[in-house]
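**Student:** coords please:
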Amino acid sequence: MSKVRVLVGTRKGVFTLSSDGSRKVWEVSGPHFGGWEIYHLKGSPADPNRLYASQSSDWFGQVIHRSDDGGQSWTPVGNQFSYDGVPGTHQWYDGTQHPWEFTRVWYLEPSPDDPDTIYAGVEDAALFRSSDGGHSWQELSGLREVKGHLWQPGAGGMCLHSILLDPGDPQRIYTAISAAGAFRTDNGGESWRPINNGLRSDYELPDAAAEVGHCVHSIAMHPSRPQVLFMQKHWDVMRSDDAGESWYEVSGDLPSDFGFPIAVHAHEPETIYVVPIKSDSEHYPPEGRLRVYRSRTGGNEWEALTHGLPQSNCYLNILRSAMAVDSLDPCGVYFGTTGGQVYASADSGDHWEAIVRDLPPVLSVEVQVLP
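**Tutor:** Residues are numbered from 1 along each chain as shown. Below you'll find the predicted structure:
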């Protein structure tokens, strides 16, 4: 029987939750890096034992750690990020050279084919790639050339928080930045262009034709249909059927179209999940009821999933990287909260249970299915 490992990054360390394929009984391991902020950790699809973690603290700064034994032990790997081939520096938008002290690595995306190749999205927004298991990093600097001087930070900072690799075209990569928008490269990162046509940000961005400046919270796709993208924006849930060339709204009958994560069912490309939050100033569920919403039609028609979730006096949040699905059948869905709970559903969202409680605030959730 397959095994499931849930990788949880929190404000105070890493926790791993393990179960067999039934997903009924869970073993909790952690904290690893106790006391350290772990913004994201993810396993390599090419090697189930290879994990990467983004670790940061106000005292020690940013460090990338790597595990080659499934998280039993960790080794710090190179945290030397090179901008335009110049180690440790960042070419600021006014053309002057300053030491680069970025705040953190927000997101890690390992290659599906090579455990030593991994991408990192950082704050201030930039995209890096390592081809040697994280020892050295080079910026894909063409991204910042796409009107980078017009990018502005969202409330959480100017972060590159989403990286999608097209499984059918290794030269195509999607990214999303708060608050700049979504971008795509078709030549492996050498050049980029914005893919924000159809997005509306009336309050923050009065110019409806603006190419950049939209506050995108997260993007997702199903690997079988990489040309179909789903987006949770600052306001609005959006969909693109043409690799980001154009977007249209699919918020439909949601109680709020504001939220952070969005995820796609492992086996049903038209089934998507969001967690609505009341507003950009009130980061908690509408009416204090924690509800995951599922659309089986790719948007517009949504159903509330509540069985096992608190339906009164619930005032926590679910952050952009804190939702994931597994590849089992039926598909498992997982999310973590700022209240320290990790919820799991082993039946595509119909029923939920808290598989662990009272962790530090959860920043990221990823899932591995192991042989």
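**Student:** how far away is Ala266 from Ser240?
**Tutor:** 20 Å (C-beta to C-beta, to the nearest Å). Using the backbone N, CA and C atoms, a C-beta is placed for each residue, glycine as well.
**Student:** where is the longest strand in the chain?
**Tutor:** Of all the segments assigned as strand in the chain under DSSP state E, the longest by residue count is strand 47-57.
**Student:** can you list the buried residues in that one?
**Tutor:** Within strand 47-57, the residues that qualify as buried by neighbour count (16 or more other C-beta atoms under 10 Å) are Pro48, Arg50, Leu51, Tyr52, Ala53, Ser54, Gln55, Ser56.
**Student:** contacting residues for the closest residue to the fifth one other than its chain neighbours?
**Tutor:** Nearest in space to Ala53, with sequence neighbours left out and distances taken as C-beta to C-beta, 6 or more residues apart in numbering, is Leu41 at 3.9 Å. Under the criterion of C-beta atoms under 8 Å, 6 or more residues apart in numbering, the contact partners of Leu41 comprise Leu7, Gly9, Val14, Leu51, Tyr52, Ala53, Ser54, Leu108, Ser364, Glu366.
**Student:** just how off-centre is the helix or strand where Ala344 lies within its chain?
**Tutor:** Taking DSSP states H and E as the criterion, the element that holds Ala344 is strand 342-345. Between the centre of strand 342-345 and the centre of its host chain there is 17 Å, according to C-alpha atoms, centre = their mean, to the nearest Å.
**Student:** who does that strand pair up with?
**Tutor:** Partner strands and pairing direction for strand 342-345 (DSSP bridges) are strand 333-336 (antiparallel), strand 353-356 (antiparallel).
**Student:** what average pLDDT does stretch 41-55 get?
**Tutor:** Over the span of stretch 41-55, the pLDDT mean works out to 96.
**Student:** okay, how far is it across that stretch, tip to tip?
**Tutor:** In terms of C-alpha to C-alpha, to the nearest Å, the two terminal residues of stretch 41-55 are separated by 9 Å.
**Student:** quick one on the thing from earlier: distance of the residue nearest to Ala53 from Ala120?
**Tutor:** When distances are taken as C-beta to C-beta, Leu41 and Ala120 turn out to be 12 Å apart.
**Student:** got any residues that touch both of these two?
**Tutor:** Counting by C-beta under 8 Å, 6+ apart, the shared contacts of Leu41 and Ala120 are Ser54, Leu108.
**Student:** isn't there a strand covering Leu143?
**Tutor:** No: using DSSP: H, G, I helix; E, B strand; the rest coil, the assignment for Leu143 is helix, not a strand.
**Student:** pretty sure it sits against Gly188.
**Tutor:** No: using C-beta atoms under 8 Å, Leu143 is not in contact with Gly188; the gap is 12.0 Å.
**Student:** in the stretch 51-200 of the chain, which segments are predicted with low confidence?
**Tutor:** By pLDDT under 70, the low-scoring segments of the stretch 51-200 of the chain are 58, 60, 78-102.
**Student:** show me where it has helices.
**Tutor:** Taking DSSP state H, counting those that start in this stretch as the criterion, the stretch 51-200 of the chain carries no helices.
**Student:** let me see the ranges of the strands in it.
**Tutor:** Applying DSSP state E, counting those that start in this stretch to the stretch 51-200 of the chain gives strands spanning 61-67, 75-77, 80-83, 86-87, 89-91, 97-99, 104-110, 118-123, 126-130, 136-139, 159-165, 173-178, 181-185, 193-194.
**Student:** centroid residue for the chain?
**Tutor:** With distances taken as C-alpha atoms, centre = their mean, Ser321 lies nearest the centre of the chain, 3.7 Å away.
**Student:** I figured that one hits Tyr107, correct?
**Tutor:** Yes: using C-beta under 8 Å, Ser321 makes contact with Tyr107 at a distance of 6.6 Å.
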